[in-house]
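**Student:** Quick one: sequence and predicted model below, then my questions.
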Amino acid sequence: MFTLRSISGAILQSKVSIASTATLITSSLTNSRTRLLHNNGSSTIYLGDSTVTTTDGYILAAGEEKAFDIESGVAMYGIVETGTCELRILEGA
């Protein structure tokens with residue numbers, strides 16, 4: 001079972017257009033602790049580091065949501081096979 005850390009500070013929403021090259025999913029919130037990711041498109045998004053590919057990335061299917069405890073400054077990237085796909089992000093600190 002995955003339990004998110006408590007959010008005691010700010011909340012910030014944003015969106016990123018994930019492309020067919022590794023796209024940085026930025027953290028705009030100082031002291032960010034938690035990221036909720038929602039694939040708001042019709043393509044699968046593959047998550048990982050700056051070298052992520054569609055064959056080795058963590059799968060975030062169309063319409064799927066995932067929560068991650070990731071500290072500020074840790075870079076996460078996404079990629080799609082073709083075109084672009086909108087990723088919605090809700091961060092908490």
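**Tutor:** All right, it came through fine. Numbering: from 1, shown residues only.

**Student:** what helix or strand does the residue nearest in space to the middle of the chain sit in?
**Tutor:** Taking C-alpha atoms, centre = their mean, the centroid of the chain lies closest to L37, which sits 4.8 Å from it. Using DSSP states H and E, L37 sits in strand 34-39.

**Student:** name the helices or strands packed onto that strand?
**Tutor:** Helices and strands touching strand 34-39, by 3 or more C-beta pairs under 8 Å, 6 or more residues apart in numbering; DSSP states H and E, are strand 65-69, strand 85-92. C-beta: built from backbone N, CA, C; applies to glycine.

**Student:** Please convert those strands to CSV, extending it with mean pLDDT, distance to V16 and mean neighbour count.
**Tutor:** CSV is the format used below for the helices and strands packed on strand 34-39 (pLDDT from 0 to 100; distance: least, C-beta to C-beta, whole Å; neighbours: other C-beta atoms under 10 Å):
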stretch, mean pLDDT, distance to V16, mean neighbour count
strand 65-69, 91, 14, 15
strand 85-92, 92, 5, 19
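
**Student:** Out of these, which is closest to L24?
**Tutor:** strand 85-92 (11.1 Å; C-beta to C-beta).

**Student:** Packing partners of that closest one?
**Tutor:** strand 11-18, strand 34-39.

**Student:** Of these, flag the one that's most buried.
**Tutor:** strand 34-39 (a mean of 20; mean count of other C-beta atoms under 10 Å).
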